[in-house]
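Undergrad: quick one, what's the 3D model for this:
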Amino acid sequence: MAGFARRRFLAVGLGSATILAAAGWWATRPGRPAEGLRALDADAAAFVTAIVPAILAGSLPAGADARAGAIRETVSAFDRAVSGLTPGVQAELGQLFSLVGLAPTRRLLAGVSKPWDEASVEEVGAFLSSWRTGRLDLMRAGYQALTQLVIAAWYGNPAAWAAIGYPGAPTLGEKPA
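TA: Down below sits the predicted model:
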């Protein structure tokens, strides 16, 4: 019986080491930006596209076309923001995107079994909630970084201003209303 437990322990350890090695390779591979983007590769863009509706629940337009356009614009603004960050921060975000993009680590770290472009808003919301209150500082920091970038990307878009009653910045020579 002790031999069986030892073999099981070794098999689990070997499997875990393989997953971590694959995640490490995946995280350090050079990714080319997705078409029309500066910093996000296709996997990272799919992830950001999935988290935007969960983070901005209630803020996005109700119509399907307007909603899809707002999500695309937010992902594009998120990409521009990431491209302006320091190389070190970009690398850290790239590692985060790679970890949640790889199926085994996505299941383990995010609890999402489907690819991001197939995950429901509820599944993505549950993932974000678990990271917001997670035991690990890394998860809480990841949650903060992701939500702050998405919110900044959304509210930096003039199309979002009307919903919060912001008329936009006054121009020089114009008197505030």
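Undergrad: next, the residue nearest to the spatial centre of the chain: secondary structure please.
TA: By CA atoms, centre = their mean, the chain has its centre lying nearest to Val48, at 4.2 Å. Recorded secondary structure, Val48: helix (DSSP: H, G, I helix; E, B strand; the rest coil).
Undergrad: residues contacting it?
TA: Counting by CB atoms under 8 Å, 6 or more residues apart in numbering, Val48 makes contact with Leu40, Val75, Phe78, Asp79, Val150. All C-beta spots, glycine's among them, are computed from the backbone N, C-alpha and C.
Undergrad: format the residues you listed as CSV; extra columns: distance to Leu138, pLDDT and secondary structure.
TA: Output for the contacts of Val48, formatted as CSV (distance: CB to CB, whole Å; pLDDT from 0 to 100; DSSP: H, G, I helix; E, B strand; the rest coil):
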residue, distance to Leu138, pLDDT, secondary structure
Leu40, 21, 96, coil
Val75, 24, 98, helix
Phe78, 20, 97, helix
Asp79, 23, 97, helix
Val150, 19, 98, helix
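Undergrad: which one of the residues you listed is nearest Gly101?
TA: Nearest to Gly101 out of the contacts of Val48 is Leu40 (CB to CB; 11.0 Å).
Undergrad: run a quick neighbour tally on the closest residue to that closest one other than its chain neighbours.
TA: Counting by CB to CB, 6 or more residues apart in numbering, the nearest residue to Leu40 once its immediate chain neighbours are dropped is Asp79, at 4.8 Å. Counted with other CB atoms under 10 Å, residues neighbouring Asp79 total 22.
Undergrad: check whether Asp79 really touches Leu37, as I assumed.
TA: Yes - between Asp79 and Leu37 a contact is recorded at 4.4 Å, counting by CB atoms under 8 Å.
Undergrad: okay, and the common contacts of the two?
TA: In terms of CB under 8 Å, 6+ apart, Asp79 and Leu37 are both contacted by the residues Ala45.
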